[in-house]
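Participant: build the 3D model from these lines:
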Amino acid sequence: MDGVPESHNGWTFLTNHARVLAAIADNQSVRVRDIAARCRLTERAVQKIIADLEQAGYLSHIRQGRGNTYRIDPAKILRHPTEAGQGLTVASLLSLLIQDEAHRATLFGDPTHASG
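Facilitator: This next block holds a predicted model:
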């Protein structure tokens with residue numbers, strides 16, 4: 001995707017941080033370029049979001065060749081006081097956002113979704 005993605009006016013349900021995290025959850029070896037295209041963000045914005053998520057402990061990465069493999073901490077409590085007060089985790093958020101049921105089962109060890 002070249003240049004700046006098409007802008008969006010108005011509000012949305014999800015933050016860009018949640019979108020990036022969901023893209024990584026779908027593919028732990030995803031490239032920044034592909035995250036940017038999927039989330040309709042610039043590569044620079046994605047890099048900043050990844051840095052934010054890593055600094056807060058939600059995400060880490062290992063360099064493998066020319067790319068990265070990311071690891072999400074599914075037990076990390078969400079940041080907003082409303083969700084944090086209820087003990088909602090990254091896993092609970094991602095279970096709503098991950099598109100592939102079978103992938104969800106392997107990522108979180110949920111045998112109820114393994115047959116999907």
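Participant: every contact and neighbour count from this point should use C-alpha atoms.
Facilitator: Noted.
Participant: helix or strand with the lowest mean pLDDT in this protein?
Facilitator: Lowest on mean pLDDT, DSSP states H and E among the helices and strands of the chain sits helix 101-108, with a mean of 60.
Participant: quick check: mean pLDDT of the biggest helix by length in the chain?
Facilitator: Identified as the longest helix of the chain according to DSSP state H is helix 43-55. Mean pLDDT, helix 43-55: 98.
Participant: pull the CA atoms of that helix into PDB?
Facilitator: Below are the C-alpha coordinates for helix 43-55, written out as PDB (Å, rounded to 0.1, in the frame of the first residue of the first chain):
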ATOM      1  CA  GLU A  43       3.700   1.800   8.400                       C
ATOM      2  CA  ARG A  44       5.100   4.500  10.700                       C
ATOM      3  CA  ALA A  45       1.800   4.500  12.700                       C
ATOM      4  CA  VAL A  46       2.000   0.700  13.000                       C
ATOM      5  CA  GLN A  47       5.600   0.900  14.200                       C
ATOM      6  CA  LYS A  48       4.600   3.400  16.900                       C
ATOM      7  CA  ILE A  49       1.700   1.200  18.000                       C
ATOM      8  CA  ILE A  50       3.900  -1.900  18.200                       C
ATOM      9  CA  ALA A  51       6.400   0.100  20.300                       C
ATOM     10  CA  ASP A  52       3.600   1.200  22.600                       C
ATOM     11  CA  LEU A  53       2.300  -2.300  23.000                       C
ATOM     12  CA  GLU A  54       5.800  -3.600  23.700                       C
ATOM     13  CA  GLN A  55       6.600  -0.900  26.200                       C
END
